[in-house]
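A.B. asks: let's see this in three dimensions:
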Amino acid sequence: MLNIDKINNSSFYIPKKCKVKENTFEGSSLPMSAKYPNFQNLQAYHPSFGIERNKNKADKVQNEQLKQISSLIDSDAQAALSRIQQKGILNDNSSNDGSTVLDNLYKIASEPRIQGLDTGIILKEVINALDNPSSITQKFGDIPDIVAQQITAETGEEVPEEAKHVASSSCVVASMEYNLASRTPAEFVRFAEGLSSQNYSVDKNIKMSDIADGMATGLWMLREFNTESQISSNWEDVTVKIKPDRNAIVRARMQTSYKDENERSCVDVLIQSALLNLGSQHTYNSITDKRTGKFNADNEGLTDFEKTFTEEVVFGTPKISVVYQNLDENGKLLNYNCEPSETKQHILNSLNLGQNVIVGYTHFNSDNQVDGGHEITIIGYEEDRNGQGWFICNDTDDDLNQPIKVQDDKLIKLIHHAGIPKEALNEQDIVVPAWREILEEFKNMLNAEQSSEISAV
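C.D. replies: Reported below is the predicted structural model:
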């Protein structure tokens with residue numbers, strides 16, 4: 001039985017023939033000419049005629065929008081645009097405000113972008129990601145010396161040498177970006193449009209119940225994460241403003257001009273920076289890939305608690321951060337909070353609900369201590385002819401633009417945590433919310449450090 005009492009850091013009916021009465025028009029309010037219809041009358045009074053006329057008008061508008069978008073991108077992106085059109089992706093309206101993929105692509109093409117970003121490149125990168133979400137990567141681009149000098153000239157601060165060749169810690173949010181592009185393409189493009197616009201932000205409408213069981217806890221979380229939000233008079237509808245740190249503009253401009261193969265696009269930069277900023281209580285720095293904030297003793301990435309909050313806001317779906325490994329204070333594996341079969345079932349239940357599962361897995365050294373970790377997305381499951389189960393996964397750090405397969409039994413042993421929908425858990429599982437306990441733990445740590453520093457003075 002799972003006992004989660006803490007969060008550890010580290011988707012023909014054929015009708016019968018109808019008998020048509022004679023003198024159908026007798027006594028009707030239609031004009032006399034319609035009682036003896038000719039071709040023109042049939043067009044004018046057939047109920048589908050107005051719909052057809054509106055459809056033709058809408059098709060004309062869409063064609064004009066596509067024409068403008070196509071004029072701004074190269075032939076490769078035009079081919080990708082054609083592919084996503086054939087797949088029906090352009091009409092997808094899975095966005096938070098009901099706008100379609102095409103609506104938001106056209107906004108990118110027709111409205112001003114942030115100075116220093118290229119509209120054609122933004123469109124190209126967005127279309128490529130829609131065509132193949134597995135092309136989304138977390139890999140930072142290196143900072144050329146000439147760019148470092150420009151940054152210093154603008155900010156008055158030297159760019160740290162390690163920041164020029166930074167190893168990205170954005171695997172969590174890159175996985176979320178993949179889920180946006182693969183599961184809710186219209187929302188992905190809406191994010192790309194808003195974050196690259198002169199508003200430099202995107203608004204997300206959620207329910208208080210998406211992030212907490214009660215109003216008081218929801219208010220507490222919004223406050224503790226320094227979330228810029230507006231709460232409606234019913235205390236249930238919440239609008240959250242999501243935006244990157246200001247240095248993300250520097251990174252995005254750099255990837256516009258200096259992007260190499262298998263590096264993040266300017267769109268990746270903006271979305272991943274915005275999500276890291278949201279999860280780190282708005283303390284993320286895109287130049288150094290470092291953060292501060294109260295919920296992480298480390299200065300990189302997001303804890304599972306921060307990941308869950310970010311995922312709930314971005315997707316508007318309540319999640320429970322389930323910790324499967326029990327580690328000691330030195331990162332040594334003590335035991336598991338779940339049987340392997342239970343862990344597997346949680347993941348399969350989530351997939352059956354139509355939700356990908358972002359899992360954090362660990363590496364162990366010879367002493368069974370954690371010496372590293374990573375986040376990947378489980379997007380499917382299959383069994384081979386021998387009955388061996390395989391998780392189909394997307395890894396944003398493997399330089400492969402396609403999913404990979406991992407043996408289920410091998411991966412399950414390595415999973416430290418995962419964001420699982422509550423309805424995917426078993427009835428026997430005991431889930432104890434631990435938000436306040438986590439906060440108290442970090443407050444106590446902070447107070448202890450401050451006391452130690454004062455004593456040392």
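
A.B. asks: residue contacts, the nearest residue to Pro160 once chain neighbours are set aside?
C.D. replies: Leaving out its chain neighbours, the residue that sits closest to Pro160 by Cβ to Cβ, 6 or more residues apart in numbering is Thr288, at 6.2 Å. All C-beta spots, glycine's among them, are computed from the backbone N, C-alpha and C. Residues near Thr288 by Cβ atoms under 8 Å, 6 or more residues apart in numbering: 160, 162-163, 166.

A.B. asks: so after whatever helix or strand Ser257 lives in, what's the next helix or strand?
C.D. replies: With the criterion set as DSSP states H and E, the secondary-structure element containing Ser257 is helix 247-258. Scanning forward in sequence from helix 247-258, with DSSP H and E defining helices and strands, the next element found is helix 266-279.

A.B. asks: I'd like the next helix or strand past that next one.
C.D. replies: Moving toward the C-terminus from helix 266-279, the next element (DSSP H and E) is helix 304-315.

A.B. asks: contacts made by that next one with the rest, please.
C.D. replies: Outside helix 304-315, the residues within contact range by Cβ under 8 Å, 6+ apart are 7-9, 172-173, 176, 179-180, 184, 204, 206, 210-211, 221, 225, 227, 240, 242, 275, 278-280, 293, 295-296, 302, 317-321, 323, 358, 360, 375, 416-417, 419, 435, 438.

A.B. asks: equivalent analysis for stretch 122-132, please.
C.D. replies: So stretch 122-132 is in contact with 69, 72-74, 76-77, 80-81, 83-84, 89, 101, 105, 108-109, 113, 135-136, 181, 185, 188-189, 192, 196, 265-268, 401-402, going by Cβ under 8 Å, 6+ apart.

A.B. asks: domain map for the chain?
C.D. replies: As given by automatic domain parsing, the domain ranges for the chain are 58-302, 317-426.

A.B. asks: what's the average pLDDT for the first one?
C.D. replies: Spelled out, that is domain 58-302. Domain 58-302 shows a mean pLDDT of 94 in the predicted model.

A.B. asks: same question, stretch 411-422
C.D. replies: In this model, stretch 411-422 carries a mean pLDDT of 93.

A.B. asks: might you report the residue contacts of the closest residue to Asp397 other than its chain neighbours?
C.D. replies: On the basis of Cβ to Cβ, 6+ apart, the spatially nearest residue to Asp397 that is not a chain neighbour turns out to be Gln138, at 5.5 Å. By Cβ under 8 Å, 6+ apart, Gln138 lies in contact with 168, 170-171, 173-174, 264, 268, 272, 396-397.

A.B. asks: before we move on, what about Leu105?
C.D. replies: Contact criterion Cβ under 8 Å, 6+ apart gives 65, 69, 90, 123, 126-127, 189, 193 as the residues in contact with Leu105.

A.B. asks: same thing but 10 Å
C.D. replies: Taking Cβ atoms under 10 Å, 6 or more residues apart in numbering, we find Leu105 in contact with 65-66, 68-69, 81, 84, 90, 122-123, 126-127, 130, 186, 189, 192-193.

A.B. asks: quote the end-to-end distance of stretch 94-104.
C.D. replies: Chord length of stretch 94-104, first to last residue, is 12 Å (Cα to Cα, to the nearest Å).

A.B. asks: and the residue nearest to Pro160, its phi and psi?
C.D. replies: The phi/psi pair for Thr288 (degrees, to the nearest 10) reads phi -100, psi -10.

A.B. asks: mind checking how far it is from Gly372?
C.D. replies: Per Cβ to Cβ, to the nearest Å, Thr288 is found 20 Å from Gly372.

A.B. asks: cool, and Ala216?
C.D. replies: Counting by Cβ to Cβ, the gap between Ala216 and Gly372 amounts to 38 Å.

A.B. asks: next, count neighbours for Glu64.
C.D. replies: Other residues near Glu64 number 11, with proximity taken as other Cβ atoms under 10 Å.

A.B. asks: just the one 10 residues further on next, same as before
C.D. replies: Burial of Asp74 is recorded as 13 neighbouring residues (other Cβ under 10 Å).

A.B. asks: quick one: the strands in this protein, in order.
C.D. replies: Taking DSSP state E, the strands of the chain run over residues 3-4, 202-207, 229-231, 237-242, 320-323, 325-327, 333-336, 357-364, 370-383, 389-394, 404-407, 415-420, 430-431.

A.B. asks: CSV for these, including distance to Asp260?
C.D. replies: As requested, the strands of the chain are exported to CSV (distance: least, Cβ to Cβ, whole Å):
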stretch, distance to Asp260
strand 3-4, 42
strand 202-207, 28
strand 229-231, 38
strand 237-242, 28
strand 320-323, 35
strand 325-327, 36
strand 333-336, 38
strand 357-364, 27
strand 370-383, 22
strand 389-394, 21
strand 404-407, 22
strand 415-420, 32
strand 430-431, 44
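
A.B. asks: which among those strands is found nearest to Ser94?
C.D. replies: Evaluated with Cβ to Cβ, the strands of the chain place strand 202-207 nearest to Ser94, the distance being 13.5 Å.

A.B. asks: CA atoms of the closest one as CSV?
C.D. replies: Listed in CSV are the C-alpha atoms of strand 202-207, where the atom choice follows Å, rounded to 0.1, in the frame of the first residue of the first chain:
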residue,chain,number,x,y,z
VAL,A,202,0.4,34.7,-21.5
ASP,A,203,-2.6,34.5,-19.3
LYS,A,204,-3.9,31.2,-18.1
ASN,A,205,-7.5,30.7,-16.8
ILE,A,206,-7.7,27.9,-14.2
LYS,A,207,-9.9,26.8,-11.4
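
A.B. asks: who touches that strand?
C.D. replies: 96-97, 187, 190-196, 210, 218, 228-230, 232, 236-243, 270-271, 274, 278, 312-318.

A.B. asks: looking at the strands of the chain, which is buried most?
C.D. replies: Most buried of the strands of the chain by mean neighbour count (mean count of other Cβ atoms under 10 Å) is strand 415-420; its value is a mean of 25.

A.B. asks: returning to that earlier point: any idea which of the domains of the chain is most buried?
C.D. replies: Greatest average neighbour count among the domains of the chain goes to domain 58-302 (a mean of 19), per mean count of other Cβ under 10 Å.

A.B. asks: what is the end-to-end distance of that one?
C.D. replies: Chord length of domain 58-302, first to last residue, is 44 Å (Cα to Cα).

A.B. asks: and it, how far from the chain's centre?
C.D. replies: Its chain's average C-alpha position is 9 Å from that of domain 58-302, according to Cα atoms, centre = their mean, to the nearest Å.
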